[in-house]
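> Got a predicted model here, sequence first, then my questions.
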Amino acid sequence: MGGPLVPGSHGRRSTAQAGIPSAIMRLSPVARSALRAVSEHRLRAGLTVLGIAIGASSVLLLVSIAVGVRDDITRQVELLGSNVIFVLPGKLSATGRPEGMSVLGISTLTLRDADAIQRVAGVRAAIPITFVFGSISRNLTESAAMVIAADHRMAGVRAPRIAEGRFYTAAEEGRLVCVLGHEIRQEVFGRGKAVGNDIAVRDKLFRVIGVLAPEEPSAFSQVSFSRVVYIPWRAAVAEFKGAQINRIIVQTDYRADPDRISAQLRRILLRSHGSEDFGLLTYRQLLAAIFHVFSVVTALVVGIAAISLVVAGIGIMNIMLITVTERTREIGVRMAVGARRSDIFRQFLAEAVTLSVLGGFVGVVVAAAAARAIGHFTLLRPVATPAIIGLALGVCIAMGITFGTVPAARASRLSPVEALRYE
């Protein structure tokens, strides 16, 4: 049945143009009837919608948190620079995680390795890194910090923002000077002046010449530099006996292929070490190693949350089966006055989809409110993109179709005569 021509069209419409309003006219009565049927049983429909909303909001919120965490990790790793290769002691696992000597704190990396790497074409800087274990102190105040001994070129790799003073220069490589992270500066000096004063690193006095600017809060303090203390590498080697090179940070030219340079570094280190007792980690490999573990955990958590959606879907099916039983006589009357089995099927399927879509919309609102609260009160930053919201609503629609098909089919298969006799 086609609707009347639109006034002003003068009868000239294509078949496609005529079909769109016709389809809307056929769909609208079904949708209106579905909403009316749902509104007649508000309590029952409300409980069903609540079940869908809980499942949809749980899945949507967890996925949003997962996307936010991925963005946070990526942003934190990008602080190191995308043109950086890390040389680590000990062979890496298949997933890119350090093993063996690196975990035990034993390193076979040497200054000769750094010098050899520095001569590779495309390498801008090969910076030896030493971790100085122990606390820092001033007067009677002690603080736990990550003390990193690196030469002045480290400032070019990470490009840290300086809030007070400056980073040390090449001329200060052998001097006892340091640059503090923002949190360490606050703990040790409070509101007092930091630059020009001394702190003790393993009982050796270092003069503070700079303070890093505060960084954006992150849920991943292991990649935050707010608690770092930088000291010159040559000064650390001279003052702390037994210091070893724990990492070599290789900064490459942006125009060079990092994979090609990584292969060259592997060949050079193999010739020097005789065996692969080292690992090379590029920017992409570092993110891949992090995301490999993260994706497994996220899939597990979201899968558990999705169980609530399945339970809610079963609830829709049960409610619709009860509805079919209660409205058996109504179905018989409709069939008696000319309704086809396909009309009955569409009617009950539309009611099931309506319940699931309403639950989906409520779930989106709840998830958005929860995400805002989480972002305000914690360091997590959930990210709900339109694609994620659309996917959540699409899942709700699919669930309504899946779990509404059986009741709708049962209603459409009822015998008109038997249905009219039903009391």
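Sure, I can see it.

> Tell me, what's the model's pLDDT at Pro232?
The model reports Pro232 with a pLDDT of 94.

> phi, psi of it?
phi -60, psi 140 (degrees, to the nearest 10).

> Could you report the neighbour count for the nearest residue to it once chain neighbours are set aside?
Among residues not flanking Pro232 along the chain, Glu173 sits closest, at 4.8 Å (Cβ to Cβ, 6 or more residues apart in numbering). For the C-beta atoms, the positions are set from N, CA and C on the backbone; glycine is no exception. Using other Cβ atoms under 10 Å, the number of residues around Glu173 comes to 14.

> With Ile374 instead?
By other Cβ under 10 Å, 17 other residues sit near Ile374.

> quick one on the thing from earlier: got a list of what the residue nearest to Pro232 touches?
151-152, 232-235 (Cβ atoms under 8 Å, 6 or more residues apart in numbering).

> quick check, nearest of these to Gly181?
The nearest member of the contacts of Glu173 to Gly181, counting by Cβ to Cβ, is Pro232 at 16.3 Å.

> Let me see the contact set for the closest one.
The contact partners of Pro232, by Cβ under 8 Å, 6+ apart, come to 149-152, 168, 172-175, 177.

> re the thing from before, which of the contacts of Glu173 count as buried?
151-152, 232-233, 235 (16 or more other Cβ atoms under 10 Å).

> Which two among those residues are spaced furthest apart?
Of all pairs in the buried ones among the contacts of Glu173, the most separated under Cβ to Cβ is His152 and Ala235 at 11.4 Å.

> Break down the stretch 1-150 of the chain into its helices, ranges please.
Applying DSSP state H, counting those that start in this stretch to the stretch 1-150 of the chain gives helices spanning 15-40, 42-78, 101-104, 111-118.

> Confidence-wise, which of those is weakest overall?
Among these, helix 101-104 scores lowest, at a mean of 53.

> Can you lay out the buried ones among the contacts of Glu173 as TSV showing distance to Ile184?
Formatted as TSV, the buried ones among the contacts of Glu173 follow (distance: Cβ to Cβ, whole Å):
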residue	distance to Ile184
Asp151	20
His152	20
Pro232	17
Trp233	19
Ala235	18
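
> lowest-confidence helix or strand of the chain?
helix 101-104 (a mean of 53; mean pLDDT, DSSP states H and E).

> so where do the strands sit in the chain?
According to DSSP state E, the chain carries its strands in the segments 84-89, 123-132, 136-138, 141-143, 146-149, 162-165, 177-180, 198-201, 204-212, 228-231, 247-252, 278-282.

> what packs against the longest helix seen in the chain?
Scanning the chain for the helix with the most residues, using DSSP state H, yields helix 283-326. The helices and strands touching helix 283-326, judged by 3 or more Cβ pairs under 8 Å, 6 or more residues apart in numbering; DSSP states H and E, are helix 42-78, strand 84-89, helix 341-377, helix 386-412.

> Of those, give the one that comes closest to Gly156.
Closest approach to Gly156 among the helices and strands packed on helix 283-326 (Cβ to Cβ): strand 84-89, 11.0 Å.

> average pLDDT for the closest one?
87.

> and what of stretch 151-169?
The pLDDT scores in stretch 151-169 average 86.

> what do you get for stretch 205-224?
Averaged over stretch 205-224, pLDDT sits at 74.

> try stretch 412-423
Mean pLDDT, stretch 412-423: 74.

> Number the chain from 27, please
New numbering, starting at 27: the last item is stretch 438-449.

> isn't Ala261 right up against Tyr194?
No: here Ala261 does not reach Tyr194: they are 9.1 Å apart, not a contact under Cβ atoms under 8 Å.

> which residues are common contacts for the two?
With Cβ under 8 Å, 6+ apart, Ala261 and Tyr194 have common neighbours 201, 203.

> The residue lying closest to Ala226 once chain neighbours are set aside: how many residues sit nearby?
In space, and not counting its chain neighbours, Ala226 is closest to Ser163: 4.8 Å by Cβ to Cβ, 6+ apart. Other residues near Ser163 come to 15 when the count uses other Cβ under 10 Å.

> Bridged to Ser163, which residues?
Glu168, Ala226 (DSSP bridges).

> OK, contacts around it?
Contacts of Ser163 by Cβ under 8 Å, 6+ apart are 169, 225-226.

> Neighbour-wise, which one of the residues you listed leads?
Greatest neighbour count in the contacts of Ser163, by other Cβ under 10 Å, goes to Ile225: 24 neighbours.

> if I look at that residue, how far off is Ser169?
Noted for Ile225: a distance of 9 Å to Ser169, by Cβ to Cβ, to the nearest Å.

> what touches both of those two?
Residues touching both Ile225 and Ser169 (Cβ under 8 Å, 6+ apart) are 162-163, 214.

> Looking at the contacts of Pro258, state which has the most neighbours.
Among these, the one with the most neighbours (other Cβ under 10 Å) is Ala175, at 26 neighbours.
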